[in-house]
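>>> Next come a sequence and a model predicted from it.
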Amino acid sequence: MTKYVNEKEMLSAYLDGELLPEEKNLIEEKLSYSKELKEQLEELRKLKALTQKSIPLIPEDPYFETRLMAQIDKKNTGSFKVKKYVPVFSFVLLAVFLMVFLKAKPDFFNDVFDLQKNKIASLYTKNLKPLLFASRLSNDEIFNFAMYKQLPLDNNDKQYLLLGYSPEGKEYFEVKSGNIKEGGMDLDKFVTALNLNNSQKKVVDSILNSYSTRLQTEVLINDNNALAINPNLWNYNKVIAADIFRYAASINKSVLNKILPVSVSYYDNPKVVAAINKIKSDDNADYIFFTPDSIFTSKVDKEKIKRDLQKMKIELRKGLQEVNINLPKEIRLNIDQTIKSLKKEKTWAHNFKVNFDSNECRVEIPQIVIPQFDMPELDKLDERLNEVFNNLKNMDIKIEKFDDNQIRMKYRMGDSSYEYKGNIPNIDSIMKDARKHNKGNYKINGDSLKIVIKELQDSLKLNFNLPEFKEQMKYFQKQMQQFQEQMKNLDTDGIKKRIKKPKEPVEI
Amino acid sequence: MINNEENEMEVPKILNLDDDFTLIKRFNEGDELAFKKLVNKHKEKVRNLVYLTVGNSNSIDDISQDVFITVYKSVGKFRFDAQFTTWLYKVTINKCKDHLRKVKLRSIFMPINDDEEELPASAEFNTNSDVSEIVQNAIRKLPDKLRIPLVLREIQEMSYQEIADSMQSEIGTVKSRIFRARENLKTYLKPYEKELIK
């Protein structure tokens, strides 16, 4: 059977011309004597012809190449797999690039962010002007700043700056809306309590005024609604108070001792003097900027600010007033809206700790060098000052007669009443006289002074009709000359004799 | 210009083996036109091979296009140690086998609806059909492993060695399968002996 199959298989291969020469010879030999094999070959030949003839070729497709090339183009053949993975490749490439790039330039992103910050900063650091000059910072306000760490930011008492301590003991700034909270001690009260005379009061004023000029360069604003605050304000707050106390101690140690909880002699400490001198000479130009976009630090050309300030002062002296100075009188930093939006964006420099409330924006200062000397807890000064102030004996003055040559007045100190008659003296002479009798401190009630001033005004009866006014002015000059001569020839002993001595010595 | 190209493309019948190699080399050097010529030269053989192997005219062009896309992508790896057609038919047969495998797999899950790939059974042969149709149906009835070498031999006129190379089998296997295919065909066509004699 196998042999039979092999012969037929060889016959099939023979028909196809696929036999080896020896196989071909073998099968041809068999075919020569086998009629059956010949018939089988013939049958296969017919089948082969029938097969080849019966299988039609399918019609040609003239558009085959066109469609093929279109499909190749569509898939982009060689690269279509790449295309498929383009996003992945891109991502990987980008990641690798960034890794290599950041390895080489680790500060790249910081630099970019810094660049952006600088761009924002440049917007807000242009055209800075001194706000406190615009709001005409008074000595009272400077004194209040020294005692209570509050500075007004506008003329309308809508916003003010407050320096404070966080629960963790960190210094912070607050921009607060509303009126400044008035403390129990103001400049008048302090001066009165220390029983300073006019010249001493002038010294206090000059001390405060010297800081006024400096404080003016520490709070700046510009038209882009930026508020720049110099952290040096902290130092100024401390040294202004120390400076005033130091001077007060030199005038009236005993009273200051009663006001301040620490020894007055402490303010003669060379450390304090050195700190005051250092702060006065220090010119920190790094400001903290509150802006609608961010809170950041930046340097300010302080020399330029000073020059501008000088120019403004000259213009003011010339009488050009603020019309030409063109300073904003009110900061437009809107805490409710502008600053609140910052809370969401958190764009301020990361070294600040910024807190927001409904009406305040608090910035903790990370690094600030404050003079190292102890200061009394000024919050407690109110109580002490009031105690001293209440112990002062009131001296009421009532003028009963006041004419061209003579004055008759009664004055009362505590429970004792005194009377004074004589030529027109000045108030200082009365005070001096009273001091000789009673070693102690006095304050003159405002009401009494008002009476004196009113009397003076009434006696002058100024009339602005020009000829009459001239006559009145001549009369006034004459009176003043007489007054001066009287004062020169004033016999203090004579006055003493006319003043009754108090029945009991006045205790302070 | 197009006519000239078409005239050039008519020439393949008398080209020798080196012509395929030249076209491949030119294509590998970036000549897209050489690839078009290669496609034009072999497309009908491929299409017919697909037709005879798969037996479904709907899939002929899809499979044929797929064959040439594979050639386009892989011809850079051609080693020039065998005829291009051997490699081309090998690709074609593999594509056809992939297709048939998919159809078979699909028919397992959709035996009732998917009848487009079913080959007509011999009993269903129409007695009125002409000779060609009878023979075609008989060929289609052959199993793949017998039908493909037979078709490659009778239609493509490939040698046993080429068929073996294309089908990745032995020459003896090809020889045996072609013989068995013919034996089966004789059996299938026996009932129509009278019609075939006419």
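Yep, that arrived. Residues are numbered from 1 along each chain as shown, chains lettered A, B, ... in the order given.

>>> switch to C-alpha atoms for all contacts and neighbour counts from now on
Fine.

>>> could you say which helix or strand contains the closest residue to residue B:177 other than its chain neighbours?
With sequence-adjacent residues excluded and distances taken as Cα to Cα, 6 or more residues apart in numbering or on different chains, residue B:177 is closest to residue B:146, at 5.4 Å. Remark: residue B:146 resides in helix B:144-154, with elements defined by DSSP states H and E.

>>> And for residue A:8?
With DSSP H and E as criterion, residue A:8 is part of helix A:2-15.

>>> Show me what counts as buried in that helix.
Buried residues in helix A:2-15, counting neighbours by 16 or more other Cα atoms under 10 Å in any protein chain shown, are found at A:8, A:9, A:10, A:11, A:12, A:13, A:14.

>>> what is the mean pLDDT for it?
Over the span of helix A:2-15, the pLDDT mean works out to 78.

>>> Could you do stretch A:105-116 as well?
71.

>>> ok, now which ones touch the spatially most central residue of chain B?
Nearest to the mean C-alpha position of chain B, by Cα atoms, centre = their mean, lies residue B:49 at 1.7 Å. Residue B:49 makes contact with B:92, B:151, B:152, B:156 under the criterion Cα atoms under 8 Å, 6 or more residues apart in numbering or on different chains.

>>> Show the buried residues in these.
Buried among these (16+ other Cα under 10 Å): B:92, B:151, B:152, B:156.

>>> quick one: secondary structure of the nearest residue to residue A:232 once chain neighbours are set aside?
Among residues not flanking residue A:232 along the chain, residue A:284 sits closest, at 6.8 Å (Cα to Cα, 6+ apart). Residue A:284 falls in the coil class when you classify it by DSSP: H, G, I helix; E, B strand; the rest coil.

>>> quick one: which of the buried ones among the contacts of residue B:49 is nearest to chain A?
Nearest to chain A out of the buried ones among the contacts of residue B:49 is residue B:151 (Cα to the nearest Cα; 8.9 Å).

>>> Just the pLDDT for that closest one.
85.

>>> Could I get the contacting residues of it?
Counting by Cα under 8 Å, 6+ apart, residue B:151 touches B:49, B:52, B:53.

>>> so what pLDDT did the second one get?
Going back to what we said before, that points to residue B:52. pLDDT, residue B:52: 79.

>>> Kindly report the same for the first one.
According to the per-residue confidence, residue B:49 scores 84 in pLDDT.

>>> coming back round to it: just the element for the residue nearest to the centre of chain B, please.
helix B:32-54.

>>> how far off helix B:144-154 does that helix point, in degrees?
Interaxial angle, helix B:32-54 versus helix B:144-154 (axes from the mean of the first three to the mean of the last three Cα atoms, to 10 degrees): 130 degrees.

>>> so how far is chain A from residue B:104?
According to Cα to the nearest Cα, to the nearest Å, residue B:104 and chain A sit 24 Å apart.

>>> how about the nearest residue to the residue of chain A found nearest chain B, chain neighbours excluded?
Proximity of chain A to chain B (Cα to the nearest Cα) peaks at residue A:54, 4.2 Å away. Leaving aside its sequence neighbours, residue A:54 sits nearest to residue B:132 (Cα to Cα, 6+ apart; 4.2 Å).

>>> Quick one, grab the pLDDT at that neighbour.
Reading off the model, residue B:132 has pLDDT 81.

>>> what about it, neighbour count?
By other Cα atoms under 10 Å in any protein chain shown, 17 other residues sit near residue B:132.

>>> related to what we said a few turns ago, chain B next: which of the buried residues of helix A:2-15 are close?
A:8, A:9, A:12, A:13 (Cα under 8 Å from any Cα of the partner chain).

>>> hmm, back to that, could you list the buried residues of the helix holding residue B:146?
B:144, B:146, B:147, B:148, B:149, B:150, B:151, B:152, B:153, B:154.

>>> Can you tell me which of those is nearest chain A?
Of all these, residue B:154 has the smallest distance to chain A: 5.7 Å, by Cα to the nearest Cα.

>>> My guess is that closest one contacts residue A:47. True?
No. If you go by Cα atoms under 8 Å, residue B:154 and residue A:47 don't touch, sitting 10.7 Å apart.

>>> Show me the helices in the stretch 201-350 of chain A, by range?
Assigned by DSSP state H, counting those that start in this stretch, the stretch 201-350 of chain A shows helices spanning A:232-251, A:253-259, A:270-281, A:302-317, A:321-325, A:340-345.

>>> give me the number of residues near residue B:86?
Using other Cα under 10 Å: residue B:86 sits among 18 other residues.

>>> got a list of what it touches?
B:162, B:163, B:165, B:166.

>>> so where does the residue of chain B found nearest chain A fall, helix or strand?
Closest contact between chain B and chain A, by Cα to the nearest Cα, is at residue B:132 (4.2 Å). If you go by DSSP H and E, residue B:132 is part of helix B:131-141.

>>> ok, residues contacting stretch B:58-77?
So stretch B:58-77 is contacted by A:64, A:68, A:72, A:77-78, B:24, B:28, B:35, B:39, B:43, B:46-47, B:50-51, B:54, B:88, B:91-92, B:95-96, B:99 (Cα under 8 Å, 6+ apart).

>>> Output that stretch as CSV - backbone C-alpha positions only.
Provided in CSV are the C-alpha atoms of stretch B:58-77 (Å, rounded to 0.1, in the frame of the first residue of the first chain):
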residue,chain,number,x,y,z
ASN,B,58,-14.5,40.8,0.6
SER,B,59,-11.3,40.4,2.4
ILE,B,60,-8.9,40.1,-0.6
ASP,B,61,-7.9,43.8,-0.8
ASP,B,62,-7.7,44.3,2.9
ILE,B,63,-5.4,41.4,3.3
SER,B,64,-3.4,42.2,0.2
GLN,B,65,-2.9,45.8,1.3
ASP,B,66,-1.8,44.6,4.7
VAL,B,67,0.7,42.3,2.9
PHE,B,68,2.3,45.2,1.1
ILE,B,69,2.3,47.5,4.2
THR,B,70,4.3,44.8,5.9
VAL,B,71,6.6,44.7,2.9
TYR,B,72,6.9,48.5,3.0
LYS,B,73,7.9,48.4,6.7
SER,B,74,10.1,45.3,6.6
VAL,B,75,11.7,45.3,3.3
GLY,B,76,14.7,47.1,4.8
LYS,B,77,15.5,43.8,6.6
